[in-house]
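> Provided below are the primary sequence and the corresponding predicted coordinates.
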Amino acid sequence: MALRPVVVTGLGIICAAGRDPAEFWTRLTTARGGLTPIEDEAFAVFTARYAGQVPDAWIDDQLPAEEAAGDRTARLALVAANQAIEQAGRPGRAGAVRAAPAPDRFGVILGKCQATPGPGGSYQPMHHTADVVAERLGLGGPRILVSTACAAGGNAVGLARDKILTGEADAVLAGGVDPLLFGTYAGFAGLQALSTGPCRPYSHSDGLNLGEGAAFLLLEPLDLALARGATPLAEVAGYGLSADAYHATAPDPTGRGGAGAVRRALAEAGLTPDDVHYVSGHGTGTPANDTMEAKVMRLVFGDRASRVPTSSIKSFVGHTLGAAGAVEAVASVLALRHGVVPPTIGFDDDGDGARADLDYVPNRAREMTVDTVVSNNYAFGGNNVSLVLTRPRDPAPYGPAPRREAVISGLGPVTCAGTGIAETAAAITAGRRADGRAPSLEGRTFAPRSLWRHMNRLSRLAIAASRLAWEDADLKLPRKALDDVALVFATGAGSAESTGGFDDSIALNPNKPAVLSFSNVVLNATGGAVCQTLGLRGPTTTLCNGAASASIALDCALEMIDAGKAEVVLVVAADETAARQALASFELLDASGAAGDAGPSGDGGPVPYGERPAPPAGPEAASGTGAGPGAGAGAASGIGPVAGSAAVAFVVESAEHCAGRGGRPYARVAGTRHAAGRGAEPVARSLALPGAAPALVVGAATGLPRDGEEAAAVLARVPDALLTASAALIGDCQAATGAMNIALAALAVRDGLAPALAGLGTPLAGGRDSYVTAPELDGPVESALALTAAHDSVRGAVLLEAV
Amino acid sequence: MANVLATRHPEGTVYGDVGDTTVPLRFSSLSQEYRVLRERAAVLDLDGHGLVEITGPGAVDLAQRLLARDVEYLTSDRCMMSLVLDGSGRVVDQVIAFGREDGLLLESSCGAGARLLDHVLAHAEDGVEVVDRSAELTVIGLEGPYAWGVVGRLIDGELASLPFESVVDTDWNGVDMIFARTGYTGEYGYQMIVPREAAAELWAGALEHAEPAGQEALELAMLEVRQPIPRHEVTPGASVIEIGANWLVDITKADFVGRDAVVEAFESGGGRRTVGFTGGDGVPAPGTRVLAGGQDVGEVVHAVHSAGLGATLGLARVDPELAAAGLDLTVDGLGVTTLTSPYIVPKSWSIPII
């Protein structure tokens, strides 16, 4: 039976070609582009000066005065988000539209390519902009930051559809945002990828222009949208993701990666290439992209390729990176609404363009029948996404989204506690504690040396973890099957080494950027490197919700398995401490990033859920952050979080596939839950999972005073459970620690092993007998709960049960 | 073994013995075949290349031990070129290793299949099966700036733009084919490994879109881009470094047969080095002395008349400090000038695949 149709009911956009959807559409259909020379003198160092810039007044005029102090990224996003919500009706408010979606059933999924600076200039967490949008608009539902570089905006729209189909949300605001950043501009200039004039995709193809902007689409199920009187503008009929597994920045020249995404999207939509009326191309204007896209068109449409119009609105707005897919999705919805396709402007009819054998809709918009649009985006890291948008259909009976049992069948931890599950288990048994040391990859290269020697640390960690998880699962798949193995990458901040190295090079000379580092600055670069090394070409995405990324990634993996998009999904989480730390040293850091006062003594290490010692009297006292109230010398047991670097991978597999090959799963995934919001309140909500009470909880504590909130909520909900946290063993490694919680919960279910909270004195909540104080449990536990936390943003819970 | 395509070659084809085999040296004239290869697309009869298959649980370990480059993660959609060395670091052969689902397939250089097979068998242990596939399979190549167009017309346009050293298992007219993007001459290059019984049909099909080129044209074009030709360049006693094939060895690998000798040669820095030269008159024979300022500094390794340069092109093995471009040396009493490679710029470098 057909799935529940998901429709777009609101649009919002701000970009160089318009401050709202109406102006944007007028300019697209009258061929008035928005690419102009950058006035900012700082950019005078570059030969290429054109970009798609948003005038400040367009932002200021659309936001209340109290938003003036916000950072540009958030302000762009708020403008577009507000527009989309206004069109569809605000959550929880009575107004022109009846019964708008309840706030806790209303989510936000944001695509973003760049790490962006806050007002102070330092990088914000990747998910910050999504948090701002959610808080301002009162959205308490699913909250995801997707960062598949230049494909992120389209990816966000697809993920939003998934969240509605799973029933987790009644409405999702999906979109993308990116501002114009000097460093990114320097990076593209260094790659020789910028056109010196306004870009001319598909004809001159001499480079791209960067742009900035934000765009959102409000997605709802058709039935609910109609019930509350909203107007369906278009249906999100399907989407497809794929990995090139080819190169960090260059697209696979065969076009098979891009074609794979289109084919998957059409299959999900139940359509064929013959149904497609218009293709919104990625059309950056670089030779590599434009050549590859022509191949995608020929591969997908065959003899019909020349009769399927395809255009690039980047010729109007430039390349808005993480926003691009959403900007183009907005244009595609408008094309469906109006029966007009926007042109490729700047198209050279007489020169190179005259030889084109495809219909690029040169220079003039075209009225035509448009019932089905495919919108394509391609990104660094070899990530491809295609959306299929159609004119909304009439309501029809639909069935529930299919659910399939999934298991965790392989673990690949690469942490300071060990490389691989055997070493990790030994470290747990030996009672090892996190020491902040870098994981050891000595003695084995996990990728062909020709690739390995050029890789940054994070990619090496992630590839090692992936390969070890693969081997632990004993997966032996032929080459052809790897084309459908999916990869979900989870990271808080990506490669600190490459980001730092690139920023340093720009500070030194913006005309000599470290281009190799630049290609690894995008958050999905590491995921792309894993795909390339392991040859995985299935659906792939990258999620960046801080330390909660891994459980959100698991959700995404389960959705892929449920929908039949993959039988095997590799979830990989990796993060590293900032490059300034000597990774092989014993330097211990506290939460503020300053060197802590605890040395590498034999009994050192973080004590999650334990009270910290009172700061010593004297001048240093001020540097001690967050000693818990009532911490006395006798009760002192913790030293605060220990920041570390790690990658943790696990194989998620349909139970059917695992059984079919005789795999030996650790546990089945009985349920997952996420709760967004600030403070302690979301903890209890995230714990509200159906099913039997778990005997073990592997929590998200890292050694912070606020660990007590979590412990109290856990003990209130499952008073008989034992509590521990992987941070005791591996430290605070952001997304990787979240993944380790899931991995160790799986290990406890199958093998009855869990890390002890060595050194636990007085816990912040409950008594010591509520905590794991010896590594050997009484035996395998029937079920275990793993928690993840991006504090004040989103918390996750994953319930695993014995198979 | 008889050349599988011998009956299909045009009348007047000139054959010659190369190593353990007999191959077509030229089908018509060297200059014509060279022009086809450099300007359009040539079909190559590579039946003189042996094929040795290694399978079984220990296949990758054996290959990793025998090949001088890293093949641990060579998946079934990749191939790579590598040297195979003996224990004293001497070159046994230069192979293309194809990753396979259950092991590897090694393609020898021309006429070296038997030597390669003996070497692999001598090192094989339990858990490995080594099979000479040369009796069942043959190799046909396509090489030239428009070879991609031939692939498109002959098989599938999608295969033409495969990345370098990619491999696809496909079929052609119902026949299983291992298709690879390779390249010996700096031009677009492809290889098709097919059952011998299908060779004639594939050869005929390819000839509908391209012309054949023999071993002489191929080796000339290889030399012009400094692609090593083992049968000419591997002289007795010469080390990998003297031959100039360092790029076909990876000493960061923990262990492989011949590694110690290569590392020693790297570290000692001794021996001679190979450099290209042009000039003189006629084609000097291998072993001809090379002089600098009247001093004997080395010898000619291999030389030909380069159609691309319109002059003599050779390789000389000389004292290390003279292995640099732009030096004047003397060969056979005549002045020659050393060159930097490649000695000609392949047309393919400026022609995109569309």
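Perfect, thanks for sending it. Every value quoted in this text rests on a predicted model; they were computed, and no experiment measured them. Numbers count the residues shown, from 1 in each chain, chains lettered A, B, ... in the order given.

> which residues touch stretch A:79-89?
Where contact means CB atoms under 8 Å, 6 or more residues apart in numbering or on different chains, the residues beyond stretch A:79-89 that reach it are A:9-14, A:19-21, A:58-59, A:62-63, A:91, A:95-98, A:100, A:108, A:133, A:136-137, A:171, A:173, A:175, A:177, A:213-218, A:220, A:228, A:230. All C-beta spots, glycine's among them, are computed from the backbone N, C-alpha and C.

> can you list the residues of the stretch 201-350 of chain B near chain A?
By the criterion of CB under 8 Å from any CB of the partner chain, the positions of the stretch 201-350 of chain B lying close to chain A are B:D250, B:T252, B:K253.

> most surrounded residue in the residues you listed?
The member of those surrounded by the most neighbours (other CB atoms under 10 Å in any protein chain shown) is B:D250, with 21 neighbours in all.

> helix, strand, or coil at it?
When states are read from DSSP: H, G, I helix; E, B strand; the rest coil, the local structure at B:D250 comes out as coil.

> which parts of the stretch 101-250 of chain B are helices?
B:113-123, B:147-154, B:157-160, B:196-207, B:215-224, B:230-233, B:240-243 (DSSP state H, counting those that start in this stretch).

> and the stretch 251-354 of chain B, by the same measure?
Assigned by DSSP H, counting those that start in this stretch, the helices in the stretch 251-354 of chain B fall at B:259-268.

> where in it is pLDDT low?
Applying pLDDT under 70 to the stretch 251-354 of chain B picks out no residues at all.

> go again with 80.
For the stretch 251-354 of chain B, residues meeting the criterion pLDDT under 80 lie at B:354.

> contacting residues for the residue of it found nearest chain A?
In the stretch 251-354 of chain B, the residue that lies nearest chain A is B:T252 (5.7 Å; CB to the nearest CB). If a contact means CB under 8 Å, 6+ apart, then B:T252 has A:R449, A:R453, B:D70 as its contacts.

> pLDDT score assigned to the residue of the stretch 151-300 of chain B found nearest chain A?
Distances from the stretch 151-300 of chain B to chain A, computed as CB to the nearest CB, single out B:S161 as the nearest residue at 4.6 Å. With respect to pLDDT, B:S161 has a value of 86.

> what about it, distance to B:Q191?
Per CB to CB, to the nearest Å, B:S161 is found 16 Å from B:Q191.

> about what we covered before: can you say which of the contacts of stretch A:79-89 are buried?
By neighbour count, with 16 or more other CB atoms under 10 Å in any protein chain shown, the contacts of stretch A:79-89 hold A:9-14, A:19-21, A:58-59, A:62-63, A:91, A:97, A:100, A:108, A:133, A:136-137, A:171, A:173, A:175, A:177, A:213-218, A:220, A:228, A:230 as buried.

> what about the residue nearest to A:G766 when sequence neighbours are not counted, which SS state?
Nearest residue to A:G766 in three dimensions, chain neighbours excluded: A:L715, at 4.6 Å (CB to CB, 6 or more residues apart in numbering or on different chains). Under three-state DSSP, A:L715 falls in the helix class.

> in contact with A:L715: list those residues for me.
Counting by CB under 8 Å, 6+ apart, A:L715 makes contact with A:A721, A:L723, A:A765, A:G766, A:S770.

> on the pLDDT front, check A:A69 for me.
On the pLDDT scale, A:A69 is placed at 89.

> ugh, typo on my part, it should be A:G95
The model reports A:G95 with a pLDDT of 48.

> buried residues in stretch A:258-268?
Taking 16+ other CB under 10 Å as the basis for neighbour counts, the residues of stretch A:258-268 that come out buried are A:G258, A:A259, A:G260, A:A261, A:V262, A:R263, A:R264, A:A265, A:L266, A:E268.

> quick one: which of the residues you listed is nearest chain B?
Relative to chain B, and with distances defined as CB to the nearest CB, the nearest of the buried residues of stretch A:258-268 is A:A259, at 8.7 Å.

> ok now do the nearest residue to A:P448 once chain neighbours are set aside, which residues does it touch?
Leaving out its chain neighbours, the residue that sits closest to A:P448 by CB to CB, 6+ apart is B:Y73, at 4.8 Å. For B:Y73, the residues meeting the contact criterion (CB under 8 Å, 6+ apart) are A:A447, A:P448, A:T533.

> A helix includes the last one, no?
Yes - checked against three-state DSSP, A:T533 lies within a helix.

> neighbours around it, how many?
Around A:T533 there are 23 other residues, counting by other CB under 10 Å.

> three-state assignment of the residue nearest to it when sequence neighbours are not counted?
Once its chain neighbours are removed from consideration, A:T533 has its nearest residue in A:A447; the separation is 4.4 Å (CB to CB, 6+ apart). Classification of A:A447 using three-state DSSP returns coil.

> pretty sure A:A447 contacts A:C531?
No - the criterion here is CB atoms under 8 Å, and A:A447 misses it with A:C531 at 11.7 Å.

> give me the more crowded residue out of these two.
Neighbour comparison, A:A447 and A:C531: the larger count goes to A:C531, with 30 against 24 (by other CB under 10 Å).

> could you pull up phi and psi at residue 3?
If you meant another chain, say so; for now it's chain A. The phi/psi pair for A:L3 (degrees, to the nearest 10) reads phi -80, psi 160.

> before we move on, what about A:S654?
Dihedral angles of A:S654 (phi, psi; degrees, to the nearest 10) stand at phi -60, psi 140.

> with A:A288 instead?
Comment: the main-chain dihedrals of A:A288 come out as phi -60, psi -40, following degrees, to the nearest 10.

> mind listing what it touches?
When contacts are counted by CB under 8 Å, 6+ apart, A:A288 is found next to A:A250, A:P251, A:P253.

> that one and A:Y378: what is the separation?
When distance is defined by CB to CB, A:A288 is 10 Å away from A:Y378.

> common neighbours of the two, please.
Here A:A288 and A:Y378 share the contacting residues A:P251, scored by CB under 8 Å, 6+ apart.

> so what's A:G644 closest to, chain neighbours aside?
Leaving out its chain neighbours, the residue that sits closest to A:G644 by CB to CB, 6+ apart is A:G731, at 3.4 Å.

> what pLDDT does the one you found get?
We note a pLDDT of 95 for A:G731 in this prediction.

> which residues touch it?
A:415-416, A:434-436, A:606, A:641-644, A:646, A:702, A:737.

> wait, does the one helix or strand in chain A whose mean pLDDT sits lowest contact chain B?
Of all helical and strand segments in chain A, the minimum by mean pLDDT, DSSP states H and E falls on helix A:449-452, at a mean of 87. Yes - on the criterion CB under 8 Å from any CB, helix A:449-452 is in touch with chain B at A:R449, A:S450.

> packing partners of the very next helix or strand once past that helix?
Scanning the chain past helix A:449-452 towards its C-terminal end, the next helix or strand to appear is helix A:457-472 (assignment: DSSP states H and E). Helices and strands in packing contact with helix A:457-472 are listed as strand A:406-415, helix A:496-508, helix A:525-534, strand A:568-575, strand A:646-654; criterion 3 or more CB pairs under 8 Å, 6 or more residues apart in numbering or on different chains; DSSP states H and E.
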